[in-house]
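Chemist: coords below, sequence missing:
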């Protein structure tokens, strides 16, 4: 098990996604709609010339099944020394699977 590679504040959440060929950075933001327009401000360290935007209505519906809660409880009870960094995780995946 590893620590999630996520940084967040109240308005923005940065998530690192591991794909077969590379690592992808995704940013999740909740933005107020102004008429029929939205404005997205990217963080200073975001480095891309083009982005993909997927727009979904915000939903406050979130449900944890008993199975999900049990898994989260197990993870919360694990000692922090059992975790590895995202970089270590990537290195192990590259070594094991050649990705």
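Modeler: Yep, that arrived. Just so you know, these numbers come straight off a predicted model, no measurement behind them.
Chemist: contacts, neighbours, all on C-alpha from now
Modeler: Will do.
Chemist: what ranges do the strands span in the protein?
Modeler: For the chain, strands defined by DSSP state E occupy the ranges 6-8, 12-18, 23-29.
Chemist: Lowest mean pLDDT across the ones you listed, which one is that?
Modeler: Of all these, strand 6-8 carries the lowest average pLDDT, namely a mean of 38.
Chemist: Can you pull out the low-pLDDT segments for the protein?
Modeler: Scanning the chain for pLDDT under 70 picks out 1-21, 99.
Chemist: what about the helices in it?
Modeler: 66-76, 86-97 (DSSP state H).
Chemist: Residue most distant from the centroid, the chain?
Modeler: residue 35 (28.9 Å; Cα atoms, centre = their mean).
Chemist: any idea how far residue 59 is from that one?
Modeler: 19 Å (Cα to Cα, to the nearest Å).
Chemist: Quick one: end-to-end length of stretch 41-53, please.
Modeler: 13 Å.
Chemist: hmm, who's touching it?
Modeler: By Cα atoms under 8 Å, 6 or more residues apart in numbering, no residue outside stretch 41-53 reaches it.
Chemist: residues of that stretch that come out buried?
Modeler: Buried residues in stretch 41-53, counted by 16 or more other Cα atoms under 10 Å: none are found.
Chemist: Going forward, count from 3.
Modeler: Yes, from this point I'll number from 3; that puts the last item at stretch 43-55.
Chemist: Could you report the neighbour count for residue 36?
Modeler: Burial of residue 36 is recorded as 8 neighbouring residues (other Cα atoms under 10 Å).
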